[in-house]
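K.L.:
Kindly generate the corresponding structure for this input.
(chains A and B)
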Number of protein chains: 2
Amino acid sequence: MHIFTRNLLTEWRKLGLPFDDKTFVVAISGGADSVSLAVALNELRDRKKLNLRFVLAHFNHNLRGDESLEDENFVKELAAKFDFELAIGLQNSESKIENQKGNLEQNARLARYAFLDETAKNVSAVAILTAHTLNDQAETFLLNLIRGSGLDGLSGMKPISSLKSEVSILKSQKQISKLDDESKIQNPKSKIQLVRPLLRWAKREDTENFCLLNEVEFHYDSMNEDLAFRRVRIRKVLLPLLKDFNPKIVETLGKTAALLRENAELLNHSVNLEATDRENESEVENLSSKDGENDAIEVLLVKDLKNVFPSMRRFIVREWLKNRRGDLRRLSAKHFEAIENLTLSRKSGKIIELPGGESVIKKDGKLYYEKTIVEKS
Amino acid sequence: MHIFTRNLLTEWRKLGLPFDDKTFVVAISGGADSVSLAVALNELRDRKKLNLRFVLAHFNHNLRGDESLEDENFVKELAAKFDFELAIGLQNSESKIENQKGNLEQNARLARYAFLDETAKNVSAVAILTAHTLNDQAETFLLNLIRGSGLDGLSGMKPISSLKSEVSILKSQKQISKLDDESKIQNPKSKIQLVRPLLRWAKREDTENFCLLNEVEFHYDSMNEDLAFRRVRIRKVLLPLLKDFNPKIVETLGKTAALLRENAELLNHSVNLEATDRENESEVENLSSKDGENDAIEVLLVKDLKNVFPSMRRFIVREWLKNRRGDLRRLSAKHFEAIENLTLSRKSGKIIELPGGESVIKKDGKLYYEKTIVEKS
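P.N.:
Model prediction:
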């Protein structure tokens, strides 16, 4: 067994993933990362290490004309060659038009998640596998660092997360335009997990080498060569320079991102605002029926807020509002200041208005968040 | 009043520093940052905005022969011109030899801190001012990022900190050789504060422009031009590249470092392992008689450790040992694992041996840290 396949099996064990009788969706673009993942999974299936059903899922973003079609056909051939089931999704033209207005990359990712979510439901999958590597982790870290981020933004991707939390992170990062696909994902009943079995150990050179070794073709995304894209410039210009400083910079940044994520989670735990299902992510239960993500606190006790350090109070209010609203969009320092004053003042029954018909209300020693729902006419 | 001087006065107010009758030591190298600080302080003194006594303090590291002497003479002229008192320190040759073995830059900084501490005591200063800028903050961040860091390493310098905590940070970052000067600084009675009044707003171009505008010379450190030094390469190669991505990269990284520091402190607060004097750093009391830095917990209750999340438990043990030992040097994952097992096991009275005659002992439901002191023969 090649070291790449062996590493994948080791990680599979570490993540506590099941070995028998379950279905996994494997997101596949046609690039070296996802192709190598599919090839290694095929090997593990052939060698009876994993008695699982894998369904490849390819989403055609339909952004690059002929090239998109070539990718789709290439994935079809690959699936046939290795005897994988395959689901194909196509970005509808309506969303495409909408995309022009919003953030192209992020909207495309949201549409892809919606398709993966649907596919997982259709085939009763326990999880979706994506082929994110250490390089993706390092690039995302630098992208967010350059854009300007705090602990949350610099926290790395997790090897196991829920699709839902990924979507809410995406949404909080940028103003994005409304997509039809979005509403599907917002469905709070979606409990599907996103698993990244390459994230903690595979570098891009590993995935490319593994494909070459197996004489399996893979496609280069022409967008991956376009230096106009920030992420590509990070990959092609910044990371090579950082390598001069530290040859293991990709691993180093990956480790930092993971450490910061651990700290971010610890901070969230310590203020009890997040559901506890982020713990024990190496446990298999995580994969099945956790519904804890909605356990977040609905109401804040003013008494508790008065008893903590000012910085802790600000943190708690911020996290609470993030949980209530989904993100912190359109809120500014003056809103948080007003809420702080509301908290500390002796009067009861006061209201702070937030943008978009939202408000924070103090009543009977508690803070409530309310949103007036505006009916579509 | 020039905008630079006005910004300094605004920051002085924000930091809650006194305006009358106190003495401050001003660390001065002869570079643009420290010269601009001295010139602006002189202006504020002349205009009676600050009725304070400033004592310049220059440390001659004696590493660059004639150049070091030129810097010293330049600072002497500057002090005479602006009628500042001046203290000069000289690195003794013994420490210099020792320096060859250890980390040059860090040992030099420790020796300088020892000199500043002594000077502050001699003149009964309430604090030492250093001229660290936003650029220093950004460069340190990148340096630590590239070397590999978690939350602590990426936390920025604080506008006000204690000299003692700075020294312990320095020591925890690297294996450093024993210096005579070190022992002076370790003296737990030293309560002197380090204030960085340029840190949150001044960039290097601001300090250089302010010197030029005032027709005051400043010296370039020839080491600042030597690309063999990591920090210089970061300044001259990496930061300019990052500027292509984000023209405000220095401010952005400075803000990130400050945010991460806030999170690190929050995390420390939430596990109650650090003294609380890091709060309210804008308060003037901070400058005088806080003795809280040694309030750290001596003994851990096993019961408490069992009641928290595994990640929180690991964090608490790590912070506790860091406080007890001063750093985490020579400890590896296997030591922490052993302590974790000790904590969770039912037996009492067991010992985990750590390197260098140290041990963690469980007794009567508590964890103790012990160090056998080896007498020098």
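K.L.:
can you give me the strands in the stretch 251-377 of chain A?
P.N.:
In the stretch 251-377 of chain A, the strands defined using DSSP state E, counting those that start in this stretch lie at A:300-301, A:351-354, A:358-363, A:366-371.
K.L.:
now for those strands, which one comes closest to residue A:29?
P.N.:
Taking Cβ to Cβ, strand A:366-371 is the member of the strands of the stretch 251-377 of chain A nearest to residue A:29, at 37.1 Å. C-beta coordinates here come from the backbone N, C-alpha and C atoms, glycine included.
K.L.:
helices or strands up against that closest one?
P.N.:
In terms of contacts (3 or more Cβ pairs under 8 Å, 6 or more residues apart in numbering or on different chains; DSSP states H and E), strand A:366-371 is packed against strand A:300-301, helix A:302-306, helix A:310-325, helix A:333-344, strand A:358-363.
K.L.:
Next, the closest residue in space to residue A:28 that isn't next to it in sequence: secondary structure please.
P.N.:
Leaving aside its chain neighbours, residue A:28 sits nearest to residue A:34 (4.3 Å; criterion: Cβ to Cβ, 6 or more residues apart in numbering or on different chains). Of the three states, residue A:34 takes helix under DSSP: H, G, I helix; E, B strand; the rest coil.
K.L.:
Do you know the pLDDT at residue A:34?
P.N.:
Residue A:34 is assigned 96 on the pLDDT scale.
K.L.:
And for it, the neighbour number?
P.N.:
25 (other Cβ atoms under 10 Å in any protein chain shown).
K.L.:
Equivalent analysis for residue A:161, please.
P.N.:
Neighbour tally, residue A:161, other Cβ under 10 Å: 17.
K.L.:
which regions of the stretch 151-300 of chain A lie under the pLDDT threshold?
P.N.:
A:169-190, A:222-228, A:269-297 (pLDDT under 70).
K.L.:
can we see that at 90?
P.N.:
A:151-153, A:156, A:158, A:161-192, A:220-232, A:255, A:258-259, A:261-300 (pLDDT under 90).
K.L.:
For it, which residues are neighbours of chain B?
P.N.:
Proximity of the stretch 151-300 of chain A to chain B, by Cβ under 8 Å from any Cβ of the partner chain, involves residues A:151, A:154, A:230, A:233-234, A:237-238, A:241-242, A:245-246, A:249, A:252-253, A:255-256, A:259-260, A:262-267, A:269-271, A:276, A:279-280.
K.L.:
Select from those residues every entry located in helices.
P.N.:
Among those, the ones falling in helices (DSSP state H) are A:151, A:154, A:230, A:233, A:241-242, A:245, A:249, A:252-253, A:255-256, A:259-260, A:262-267, A:269-270.
K.L.:
Just the buried ones from the residues you listed?
P.N.:
A:151, A:154, A:230, A:233, A:242, A:245, A:249, A:252-253, A:255-256, A:259-260, A:262-267, A:269-270 (16 or more other Cβ atoms under 10 Å in any protein chain shown).
K.L.:
List the contacts of the one helix or strand residue A:57 maps to.
P.N.:
Here residue A:57, judged by DSSP states H and E, is contained in strand A:51-60. With contact meaning Cβ atoms under 8 Å, 6 or more residues apart in numbering or on different chains, strand A:51-60 is reached by A:18-30, A:38, A:41-42, A:45, A:68-69, A:71-72, A:75, A:78-79, A:84-91, A:111-112, A:115-116, A:119, A:123, A:125, A:128.
K.L.:
In strands only, show me those.
P.N.:
A:20-27, A:85-90, A:128 (DSSP state E).
K.L.:
Write a PyMOL command that selects only the buried members of these.
P.N.:
The PyMOL selection below is limited to those of those classed as buried (16+ other Cβ under 10 Å):
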select buried, chain A and resi 22+24+25+26+27+86+87+89+128
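K.L.:
Of the ones in strands among the contacts of strand A:51-60, which pair is most distant in space?
P.N.:
Maximum distance among those (Cβ to Cβ): 33.3 Å, for A:20 and A:90.
K.L.:
now the residue lying closest to residue A:201 once chain neighbours are set aside: how far from chain B?
P.N.:
If the residues on either side of it in the chain are set aside, residue A:201 comes closest to residue A:7, at 5.4 Å by Cβ to Cβ, 6+ apart. Here residue A:7 is placed at a distance of 20 Å from chain B (Cβ to the nearest Cβ, to the nearest Å).
K.L.:
what about the residue lying closest to residue A:253 once chain neighbours are set aside, which helix or strand?
P.N.:
In space, and not counting its chain neighbours, residue A:253 is closest to residue A:138: 4.0 Å by Cβ to Cβ, 6+ apart. Assigning secondary structure by DSSP H and E places residue A:138 in helix A:134-147.
K.L.:
So what touches that helix?
P.N.:
A:33, A:153-154, A:156-157, A:198-204, A:230-231, A:234-235, A:238-239, A:249-251, A:253-254, A:256-258, B:145, B:242, B:245-246, B:249, B:252-253, B:256.
K.L.:
rank the strands of the stretch 251-377 of chain A by pLDDT, which is bottom?
P.N.:
Lowest mean pLDDT of those: strand A:300-301, a mean of 83.
K.L.:
how near is the closest residue to residue A:155 other than its chain neighbours to residue A:14?
P.N.:
Spatial nearest neighbour of residue A:155, chain neighbours left out: residue A:261 (3.7 Å); criterion: Cβ to Cβ, 6+ apart. Computed as Cβ to Cβ, to the nearest Å, the residue A:261 to residue A:14 distance reads 17 Å.
K.L.:
Compare neighbour counts for those two and give me the winner.
P.N.:
residue A:261 (18 against 13).
K.L.:
list the contacts for the more buried one?
P.N.:
By Cβ under 8 Å, 6+ apart, the contact list for residue A:261 reads A:155, A:156, A:158.
K.L.:
Now the buried members of those residues.
P.N.:
Burial of those was assessed by neighbour count (16+ other Cβ under 10 Å); the buried members are A:155, A:156, A:158.
K.L.:
before we move on, which element is the most centrally placed residue in chain A in?
P.N.:
Among the residues of chain A, the one closest to the centroid is residue A:166, at 3.2 Å (Cα atoms, centre = their mean). Following DSSP H and E, the helix or strand that holds residue A:166 is helix A:163-173.
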